[in-house]
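Q: I need the structure of the sequence given here:
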Amino acid sequence: MKERLLKNWTLWRIIRLVLAITFIVIGIIKIDYILILAGAFLMFQALANTCVSCVGGNCEIPQK
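A: Okay, the predicted model is just below:
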């Protein structure tokens, strides 16, 4: 798990993390639970480096 958190940081993964933090902060400020939930969802995706629609990594493009 530690390797998954620390390796393979791409631009898209960083963008997901920044958006997640932004959604969570704005959700807390405005007391909007949907924004907090969306932020938590994006945070999980960014930290775990997964995609919910790609179960088991079956839609990943193999690296050459």
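
Q: quick check: which element contains W12?
A: Using DSSP states H and E, W12 sits in helix 11-30.

Q: ah, wrong one, I meant Q63
A: Q63 belongs to no helix or strand, assigned by DSSP H and E.

Q: burial count for the residue nearest to Q45 when sequence neighbours are not counted?
A: Using C-beta to C-beta, 6 or more residues apart in numbering and skipping residues adjacent in sequence, the residue nearest Q45 is R16, 5.6 Å away. All C-beta spots, glycine's among them, are computed from the backbone N, C-alpha and C. Using other C-beta atoms under 10 Å, the number of residues around R16 comes to 20.

Q: thought R16 was touching G39?
A: No: contact criterion C-beta atoms under 8 Å: R16 and G39 do not qualify, at 10.3 Å.

Q: picking up where we left off before, ok, the residue nearest to Q45 to K7 distance?
A: Plainly put, R16 is 16 Å away from K7 if you go by C-beta to C-beta, to the nearest Å.

Q: cool, F23 as well?
A: Per C-beta to C-beta, F23 is found 25 Å from K7.

Q: among those two, which residue is more densely surrounded?
A: Between F23 and K7, counted using other C-beta under 10 Å, F23 has the larger neighbour count: 21 against 8.

Q: quick one: contacts for the more buried one?
A: Residues near F23 by C-beta atoms under 8 Å, 6 or more residues apart in numbering: L35, I36, A38, G39, L42.

Q: if you set the cut-off to 10 Å instead, what comes out?
A: Neighbouring residues of F23 by C-beta atoms under 10 Å, 6 or more residues apart in numbering: D32, I34, L35, I36, L37, A38, G39, A40, F41, L42, M43.
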